[in-house]
Structures are given as C-alpha cells and as structure tokens.
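1. Generate coordinates for the sequence data below:
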Amino acid sequence: MVPSEAVFIELFNLKGQTKEWKLKRIPVKDFERITGSITASNVTLKWDREALSFSVAGYYGVEREG
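-> Predicted coordinates for the structure are as follows:
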C-alpha cells in the first residue's frame, strides 16, 4: 500500500500520465532504477486506486537479451 496516488506516481516516475489505467508495462531498466538490479524480461504494474495498493508481475529469473 502507498499513502496516496501521488506517492505511487512519484515512485514509478509516472508523471504526465493523463489516462487512467489499471495495468501498465514498464521497461525493466526503469524498474531497476527503483529496486536495483533484477533478472526479468518484463515488469507489469497493477494499480488499485480504491485500495491505494499496487502489485508487480512479470517474468522473473529469465535471461534478458541486451
């Protein structure tokens, strides 16, 4: 959980997002700036505005190209 939607937006650098969304795929490199190095091919954020909570999904533990 996060204390407000503004904290979530700041945490994941989603400023300028005008369209409401529930699922958003973000580049692994952007996620790594927040969490540190991970081994993943993609990262998907799921945002629950009513509960002020989010979850992270993706393919972890796989080798990525490049």
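2. rest of the way, CA atoms for contacts and neighbours
-> Fine.
3. Helices along this protein, start to end?
-> Assigned helices in the chain, in chain order: 5-11, 28-35 (criterion: DSSP state H).
4. If you count neighbours, what's buried in the last one?
-> Of the residues in helix 28-35, Val28, Phe31 count as buried by neighbour count, 16 or more other C-alpha atoms under 10 Å.
5. Also the shortest one?
-> Residues Glu5, Phe8 are the ones in helix 5-11 that count as buried (16+ other C-alpha under 10 Å).
6. average pLDDT across that helix?
-> The pLDDT scores in helix 5-11 average 85.
7. ditto for stretch 28-37
-> 87.
8. Stretch 55-66 now?
-> 72.
9. Val43 - how many residues pack around it?
-> 19 (other C-alpha atoms under 10 Å).
10. what sits against the spatially closest residue to it that is not a sequence neighbour?
-> Excluding the flanking residues, the one nearest Val43 by C-alpha to C-alpha, 6 or more residues apart in numbering is Gly58, at 4.5 Å. With contact taken as C-alpha atoms under 8 Å, 6 or more residues apart in numbering, Gly58 is in contact with Ala40, Ser41, Asn42, Val43, Thr44.
11. for the chain, what spans make up the strands?
-> 23-26, 40-48, 53-60 (DSSP state E).
12. any idea which of the ones you listed is most buried?
-> Mean neighbours per residue, mean count of other C-alpha atoms under 10 Å, is largest over those for strand 40-48, with a mean of 17.
13. Parallel or antiparallel, which strands does that strand pair with?
-> strand 23-26 (antiparallel), strand 53-60 (antiparallel) (DSSP bridges).
14. Please state the mean pLDDT value computed over that strand.
-> 88.
15. Please export the alpha-carbon coordinates of it; PDB is fine.
-> Output in PDB follows, covering the C-alpha atoms of strand 40-48 (Å, rounded to 0.1, in the frame of the first residue of the first chain):
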ATOM      1  CA  ALA A  40      13.500 -10.200 -15.800                       C
ATOM      2  CA  SER A  41      12.200  -9.900 -19.300                       C
ATOM      3  CA  ASN A  42       9.300  -7.500 -18.400                       C
ATOM      4  CA  VAL A  43       7.600  -5.800 -15.500                       C
ATOM      5  CA  THR A  44       3.900  -5.000 -15.200                       C
ATOM      6  CA  LEU A  45       2.400  -2.700 -12.500                       C
ATOM      7  CA  LYS A  46      -1.200  -3.300 -11.400                       C
ATOM      8  CA  TRP A  47      -2.700  -0.300  -9.700                       C
ATOM      9  CA  ASP A  48      -5.800  -0.500  -7.400                       C
END
